[in-house]
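Chemist: Have a look at this prediction, sequence included:
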Amino acid sequence: MTNKLPIGIVIDDPGLCAIIVDKGRLYGQERGFSEAGPMDEEAYFWANWLCGNEESEPTLECIGSLAFTVNASMAIAVTGPAVKVVINGEECSSWKTHAVVPADKVVISADCPTAKMYVALGGKWLLKHVMGSVCTVMREGIGGLHGNGKPLVTGDTIPIRVGSIESKEVPAWLIPAYDSMKPIDVIPGYQVEEFLPLARRRFFSADYKVTSDINRMGYRLQGPAVSSKISNMRSEGINFGAIQFPSDGQPIIMLRDRQTLGGYPKIGCVAPYDIPRLVQTPVDGVVCFQERAADDARTNWLLARSKRVRYLTESL
């Protein structure tokens, strides 16, 4: 499929898992498609910005490590928590633009084995869209390099029409602080009153461990069990970041590749600006939560976005 197209990079080692993501299928949920998209939207955004790409351009989302050979002169950038970038044996900075040329060897890794790393390539990715997106969804078998939802494997080639190269660097004050010790904001949902006051206090005062049962659909946590007054309910739409409680009382936080409908009671949603901290918390890491009014959460989100917009405007 890609032999007749300009090849940007060749995958030498995909690590634990490497997939292609973009902004996601924003208008397909009514037809049963997952929203998809990047787990860490901040890291995804800045990787594309560093390469001069449109905000919705695909990137690679990698876990563990990734090694590839460059096949064209282009810009690349790598973002994520505590990411190590090595080009031709020389360690380079993450969150920064790098100009590479054909035959360059790039290896990336992270201190945390479950960290999500994002690799952007400067230019236009030449991939087939499904429902307006090239995002890989393994559960649905759609998207990705070959349109079948499969992760990348050794020998895969990424077709790209390269763009211009401009050296950039994300300032330290705009790089997300991946601090799992700070409470994660939760916006109460309409079912919050179905959780007794004692259950709500238990959830918002306890520590929860991130289990190994995590993926792009959702994160299962382990800690004090929480129950609600709802014994059964009809399936309903599930928002990104929704915190639902099955019969065992252990929370599941629904993420990018979640199913479109579910029937478990939900105490609320993780505030969008705290999703990156949650998904970058390692297995066996501890998280805690605090209730945040919707208006306050919106204010926090707007303040964070205004900092970004102000910097981007001033850097033009």
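Modeler: Arrived safely.

Chemist: So residue 277: helix, strand or coil?
Modeler: Classification of residue 277 into helix, strand or coil gives helix, according to DSSP: H, G, I helix; E, B strand; the rest coil.

Chemist: Which residues are in contact with it?
Modeler: Residues near residue 277 by CB atoms under 8 Å, 6 or more residues apart in numbering: 176, 177, 178, 179, 180, 182, 184. From N, CA and C alone the C-beta is placed, and that goes for glycine too.

Chemist: name the element the third one belongs to?
Modeler: If I follow you right, that is residue 178. Taking DSSP states H and E as the definition, residue 178 sits outside all helices and strands.

Chemist: so can I have CSV of the contacts of residue 277 showing neighbour count?
Modeler: Listed next are the contacts of residue 277 as CSV, based on neighbours: other CB atoms under 10 Å:
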residue, neighbour count
176, 20
177, 10
178, 20
179, 10
180, 16
182, 12
184, 22
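
Chemist: By pLDDT, give me the weakest of those.
Modeler: Checking pLDDT across the contacts of residue 277, the minimum falls on residue 180 at 76.

Chemist: any idea how far the closest residue in space to it that isn't next to it in sequence is from residue 303?
Modeler: Spatial nearest neighbour of residue 180, chain neighbours left out: residue 281 (4.3 Å); criterion: CB to CB, 6 or more residues apart in numbering. Residue 281 sits 23 Å away from residue 303, taking CB to CB, to the nearest Å as the criterion.

Chemist: which one of those two has more residues nearby?
Modeler: Taking residue 281 and residue 303 together and counting by other CB atoms under 10 Å, residue 281 has the greater number of neighbours (25 against 10).

Chemist: Report the buried residues of the longest helix along the chain.
Modeler: Taking residue count as the measure and DSSP state H as the definition, the longest helix of the chain comes out as helix 294-314. For helix 294-314, burial by neighbour count (16 or more other CB atoms under 10 Å) applies to 297, 300.

Chemist: CA atoms only for it - export them in PDB, please.
Modeler: Presented in PDB, the C-alpha positions along helix 294-314 are these (Å, rounded to 0.1, in the frame of the first residue of the first chain):
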ATOM      1  CA  ALA A 294     -18.200  22.500  36.800                       C
ATOM      2  CA  ASP A 295     -17.800  26.300  36.600                       C
ATOM      3  CA  ASP A 296     -14.500  26.100  38.500                       C
ATOM      4  CA  ALA A 297     -13.300  23.300  36.300                       C
ATOM      5  CA  ARG A 298     -14.200  25.400  33.200                       C
ATOM      6  CA  THR A 299     -12.300  28.300  34.600                       C
ATOM      7  CA  ASN A 300      -9.200  26.200  35.200                       C
ATOM      8  CA  TRP A 301      -9.400  24.800  31.700                       C
ATOM      9  CA  LEU A 302      -9.800  28.300  30.200                       C
ATOM     10  CA  LEU A 303      -6.800  29.600  32.200                       C
ATOM     11  CA  ALA A 304      -4.700  26.800  30.900                       C
ATOM     12  CA  ARG A 305      -5.800  27.400  27.300                       C
ATOM     13  CA  SER A 306      -5.200  31.100  27.600                       C
ATOM     14  CA  LYS A 307      -1.600  30.500  28.700                       C
ATOM     15  CA  ARG A 308      -1.100  28.400  25.600                       C
ATOM     16  CA  VAL A 309      -2.800  30.800  23.200                       C
ATOM     17  CA  ARG A 310      -0.900  33.800  24.600                       C
ATOM     18  CA  TYR A 311       2.400  32.000  24.100                       C
ATOM     19  CA  LEU A 312       1.600  30.800  20.600                       C
ATOM     20  CA  THR A 313       0.400  34.300  19.600                       C
ATOM     21  CA  GLU A 314       3.500  36.000  21.000                       C
END
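
Chemist: if we can go back for a sec, tell me the SS of the residue nearest to residue 180?
Modeler: Using three-state DSSP as the criterion, the local structure at residue 281 reads coil.

Chemist: so where do the strands sit in the stretch 201-316 of the chain?
Modeler: Ranges of strands in the stretch 201-316 of the chain, per DSSP state E, counting those that start in this stretch, are 207-214, 218-222, 236-237, 242-244, 252-254, 261-262, 266-270, 286-291.

Chemist: Counting by contacts, list what the third one packs against.
Modeler: By that I understand strand 236-237. Helices and strands touching strand 236-237, as assessed by 3 or more CB pairs under 8 Å, 6 or more residues apart in numbering; DSSP states H and E, comprise strand 261-262.

Chemist: ok, now which ones touch the nearest residue to residue 94 once chain neighbours are set aside?
Modeler: Residue nearest to residue 94 in three dimensions, not counting chain neighbours: residue 83, with 4.1 Å by CB to CB, 6+ apart. Going by CB under 8 Å, 6+ apart, residue 83 touches 94, 108, 109, 110, 115, 117.
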